[in-house]
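*Asks:* Quick one, structure for this:
(2 chains)
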Number of protein chains: 2
Amino acid sequence: MTYCVGIKTAEGLVLASDSRTNAGVDHIATFCKMAVFENRGEAVIVILSAGNLATTQSTLSTLRQRLREDDEDNLFNQRSLFDVAVLVGAALRGIIHRDSPHSRRHDDIDFNSSFLLGGQLRGEEPRLFHIYPQGNFIEASADTPYFQIGESKYGKPMLDRVIQYETPLHEAGKCVLVSFESSIRSNVSVGLPIDLLCYHRDALEVTERHRITETDPYFQRLGREWSQGLRKLFARLPDIPYWNPETGDDKDRQQ
Amino acid sequence: MTYCVGIKTAEGLVLASDSRTNAGVDHIATFCKMAVFENRGEAVIVILSAGNLATTQSTLSTLRQRLREDDEDNLFNQRSLFDVAVLVGAALRGIIHRDSPHSRRHDDIDFNSSFLLGGQLRGEEPRLFHIYPQGNFIEASADTPYFQIGESKYGKPMLDRVIQYETPLHEAGKCVLVSFESSIRSNVSVGLPIDLLCYHRDALEVTERHRITETDPYFQRLGREWSQGLRKLFARLPDIPYWNPETGDDKDRQQ
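*Replies:* From the prediction side, this is the model:
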C-alpha cells in the first residue's frame, strides 16, 4: 500500500507521500511516490500516486515524455490545473485500459491507481484534485481542504481534528507528519522515507521540499513527544464512572 | 459497517460494540451487536458481531434456540471456550453456506460476517477469539491481547499505543472508549450507542455492562477533554525545522 495526503490551505499546499511499496510481504521496496513538474514562474505541478506501481510509473513516464513535445498533451501547455487534471486522468485511464485485458481471470491483480494532483499555474489559484482510476476527479475546497489516498484511515482522525482551510501552512505540514507517524506505527505497508512538500501560494517554484528518513532527528522527536504526550493525556482523562469500584456492580442496576 | 473491540488483560476482558448498521446511506438503523450468554457460576460467553446483519442474526438465533435443548450443540454444554468457538464458527459457516447460493451473480451482496467471542467457563482462564466467516478462528494471547472487527483502522493507533496484557481492566475500558470516539468522529458508519462490558476474571457472571448513548455525560466529557488535549499537545510539538522561515528556502539546498 501507500499513504499520501494533499492539503489546500489559504497559504498554499501541503503534499506528502510515503515510499513503501509491496506486492506481498516478500516484495517490499522503496519508491518515491511524489513527482514534481516545475516550470519556474509559470507552473508547479505535483502528483502523488497510490495503487499499482506499474500503472503509476507508466502514467508518469508518458506524461514526462510528452514534456519534450510542444503540443496540447504537454503538461506545461495547459490553461488551468483543471485541464492538467483532465490530461492526467486520461493518461491514467489509458494505461489501465491498456493493461487490464491481460490480467487473467483468476490472477486477482488490480491494475488500478489513483492520484492526488496539486499545484498552481500562473494566473490561477493553487488547486488540489483527487483523480480516480476511471480518470474522473474531484477538487478540494475550503469546506473539504484535504484528500488522502492509500492507507488513509489510521491517519485520518488527527487530520479531522486539526486541518481547516485557515490552518497555517507549516502547522498543516506538522499535522501531516503526525498523521504519517500514526499510519506507520499501525500499518507495515506504510513506511519511511516521507517526501514532504510545502508550496506557498504564488511562489510558482518549489522552495520547500524535504525527504524524511529514519534517522531524521525532528521526525524522531515528533514521534517521541507525540507518543509520550498521548499517554500522559490519556492517563489524565477521567476514569469510567459506570460501576461501583468497590463491588464492581453496575450502578444502573443498583438503582 | 460496525466497530467492535475485544481485549484480554491479566484482570479479565473488555468487550465493546457500536450499534449502527447501514445498507446504503438510506438504510441506517440501530442494532445491538453484543450478545451475552450467562450461566451464573458456570459460564459467561459474549459474542460481538460485524458484517451482514441477516447472517449474524440468523447465527445468534440458531445458537439461542439450541440453549433449550440439552445436547452437544448447546453453548453451555461445552468443555472449553475453544469448543464454544468451534460451535459458533460452524453455525456461522452454516448460515453463510445456506444463503450464499441465492446471491445472484451481479447483486454484489456480501453475506460474510465475523465474530469476536470472549468469556470464561468455570475451570478455565478467560479467553478471547476472533472467528472468521470461514468458521475458523484465532485466539488472543499476552503478545497480541486485542482484536478488532469492522471499521477498525481509525481507532487502532490509540489501542496500539496503550493496550498491553498488563493494562488495568478499567484503563483498557477507557482506552476502548477513546478508540470509539475517534472512529465515530471519522466514519459515519460507526455510531452510538456503544455497548461496553468489562468482565473480571473468575467472576463467572456479568456485573459491569453499560450502554453509552449520545446524552452520556461521561462519554461527552471524555470526547471533549480528549479533543482539547490533543489540540493542545499538537500545538506544543516543535515546528518543522527543515526550511528557513524567513526565505522559505530549503536548508539542505542552501548547504
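*Asks:* Around the residue of the stretch 151-255 of chain A found nearest chain B, how many other residues sit close by?
*Replies:* Distance from chain B to each residue of the stretch 151-255 of chain A (C-beta to the nearest C-beta) is smallest for A:Lys153, at 3.4 Å. C-beta here means a position set from N, CA and C on the backbone, and glycine is covered the same way. Neighbourhood size, A:Lys153 [other C-beta atoms under 10 Å in any protein chain shown]: 22.
*Asks:* how about the nearest residue to it, chain neighbours excluded?
*Replies:* B:Lys153 (3.4 Å; C-beta to C-beta, 6 or more residues apart in numbering or on different chains).
*Asks:* these two touch, right, the one you found and A:Gly150?
*Replies:* No - with contacts counted by C-beta atoms under 8 Å, B:Lys153 stays clear of A:Gly150, the gap being 11.9 Å.
*Asks:* could you pull out the strands for the stretch 51-200 of chain A?
*Replies:* Here the stretch 51-200 of chain A has its strands, by DSSP state E, counting those that start in this stretch, at A:113-121, A:127-131, A:137-139, A:146-150, A:194-200.
*Asks:* Tell me which of the ones you listed sits nearest to B:Ala50.
*Replies:* strand A:146-150 (23.3 Å; C-beta to C-beta).
*Asks:* any idea of the mean pLDDT in the closest one?
*Replies:* Here strand A:146-150 scores 96 as its mean pLDDT.
*Asks:* ok, residues contacting that strand?
*Replies:* Residues outside strand A:146-150 that contact it (C-beta atoms under 8 Å, 6 or more residues apart in numbering or on different chains) are A:1-8, A:18, A:48-51, A:114-116, A:128, A:130, A:138, A:140, A:155-156, A:159, A:163, A:190.
*Asks:* cool, stretch A:51-62 as well?
*Replies:* Around stretch A:51-62, the neighbours that count as contacts under C-beta under 8 Å, 6+ apart are A:2, A:21, A:23, A:31, A:33, A:35, A:47, A:49-50, A:88, A:91-92, A:94-96, A:99, A:109-115, A:133, A:149-150.
*Asks:* Now list the buried members of those residues.
*Replies:* Among those, those classed as buried by 16 or more other C-beta atoms under 10 Å in any protein chain shown are A:2, A:21, A:33, A:35, A:47, A:49-50, A:88, A:91-92, A:95-96, A:111, A:113-115, A:133, A:149-150.
*Asks:* and the closest residue to A:Arg40 other than its chain neighbours, how many residues sit next to it?
*Replies:* Closest residue to A:Arg40 apart from its sequence neighbours, by C-beta to C-beta, 6+ apart: A:Glu205 at 4.6 Å. Residues near A:Glu205, counting by other C-beta under 10 Å, number 14.
*Asks:* per-residue pLDDT, A:Glu205?
*Replies:* According to the model, A:Glu205 carries a pLDDT of 97.
*Asks:* related to what we said a few turns ago, would JSON lines of the strands of the stretch 51-200 of chain A with distance to B:Gly123 be doable?
*Replies:* As requested, these are arranged in JSON lines below (distance: least, C-beta to C-beta, whole Å):
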{"stretch": "strand A:113-121", "distance to B:Gly123": "54"}
{"stretch": "strand A:127-131", "distance to B:Gly123": "56"}
{"stretch": "strand A:137-139", "distance to B:Gly123": "58"}
{"stretch": "strand A:146-150", "distance to B:Gly123": "48"}
{"stretch": "strand A:194-200", "distance to B:Gly123": "52"}
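*Asks:* Packed most tightly, which of those strands would that be?
*Replies:* Burial of those is given as mean neighbour count (mean count of other C-beta atoms under 10 Å in any protein chain shown); strand A:113-121 ranks first at a mean of 26.
*Asks:* What lies in contact with stretch A:109-118?
*Replies:* Everything outside stretch A:109-118 that qualifies as a contact, by C-beta under 8 Å, 6+ apart, is A:4-6, A:8, A:13, A:15, A:45-52, A:54-56, A:59, A:81, A:84-85, A:88, A:92, A:96, A:99-100, A:103, A:126-133, A:137, A:147, A:149, A:199.
*Asks:* Filter the buried ones among the contacts of stretch A:51-62 down to the ones in helices?
*Replies:* Among the buried ones among the contacts of stretch A:51-62, the members found in helices (DSSP state H) are A:Val88, A:Ala91, A:Leu92, A:Ile95, A:Ile96.
*Asks:* Specify which member of the residues you listed is nearest to A:Arg185.
*Replies:* Closest approach between those and A:Arg185, by C-beta to C-beta: A:Leu92, at 30.8 Å.
*Asks:* How much space separates the closest one from A:Asn77?
*Replies:* Shown here: A:Leu92 relative to A:Asn77, a distance of 19 Å by C-beta to C-beta, to the nearest Å.
*Asks:* now do A:Asn39
*Replies:* A:Asn39 sits 10 Å away from A:Asn77, taking C-beta to C-beta as the criterion.
*Asks:* end-to-end on stretch A:10-30?
*Replies:* Taking C-alpha to C-alpha, to the nearest Å, the span from the opening residue of stretch A:10-30 to its closing residue is 33 Å.
*Asks:* Report the mean per-residue pLDDT for that stretch.
*Replies:* Per-region confidence: stretch A:10-30 scores 88 on mean pLDDT.
*Asks:* Quick one: low-confidence residue ranges for chain A.
*Replies:* Across chain A, the ranges flagged by pLDDT under 70 are A:104-107, A:245-255.
*Asks:* quick one, helices of it?
*Replies:* Assigned helices in chain A, in chain order: A:53-66, A:81-99, A:156-162, A:169-186, A:217-236, A:251-254 (criterion: DSSP H).
*Asks:* out of those, which comes closest to B:Thr213?
*Replies:* Each of the helices of chain A was scored for nearness to B:Thr213 using C-beta to C-beta, and the closest is helix A:251-254 (11.9 Å).
*Asks:* Name the nearest of the ones in helices among the buried ones among the contacts of stretch A:51-62 relative to A:Gly173.
*Replies:* Nearest member of these to A:Gly173, counting by C-beta to C-beta, is A:Val88, at 24.0 Å.
*Asks:* Quick check, the closest one in contact with A:Ile47.
*Replies:* Yes - applying C-beta under 8 Å, one finds A:Val88 in contact with A:Ile47, separated by 6.7 Å.
*Asks:* residues shared between the contacts of those two?
*Replies:* What both A:Val88 and A:Ile47 touch, as defined by C-beta under 8 Å, 6+ apart, is the set A:Leu63, A:Phe115, A:Leu117.
*Asks:* Spit out the contact partners of the first one.
*Replies:* Counting by C-beta under 8 Å, 6+ apart, A:Leu63 touches A:Phe37, A:Ile47, A:Leu75, A:Leu87, A:Val88, A:Ala91.
*Asks:* Which one of these is nearest to chain B?
*Replies:* Of all these, chain B sits closest to A:Phe37, with 17.7 Å by C-beta to the nearest C-beta.
*Asks:* and that closest one, what is it in contact with?
*Replies:* By C-beta under 8 Å, 6+ apart, the residues touching A:Phe37 are A:Ala43, A:Val44, A:Ile45, A:Val46, A:Ile47, A:Leu63, A:Leu67, A:Leu75, A:Phe76, A:Gly119.
*Asks:* OK, contacts around the residue lying closest to the first one once chain neighbours are set aside?
*Replies:* Right, the one you point to is A:Ala43. Residue nearest to A:Ala43 in three dimensions, not counting chain neighbours: A:Leu121, with 4.9 Å by C-beta to C-beta, 6+ apart. With contact set as C-beta under 8 Å, 6+ apart, A:Leu121 has these partners: A:Glu42, A:Ala43, A:Ile45, A:Gln78, A:Arg79, A:Ser80, A:Leu81, A:Val84.
*Asks:* Output those in TSV; the columns should cover neighbour count.
*Replies:* Putting those into TSV (neighbours: other C-beta atoms under 10 Å in any protein chain shown) gives the following:
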residue	neighbour count
A:Glu42	13
A:Ala43	21
A:Ile45	22
A:Gln78	18
A:Arg79	10
A:Ser80	13
A:Leu81	24
A:Val84	24
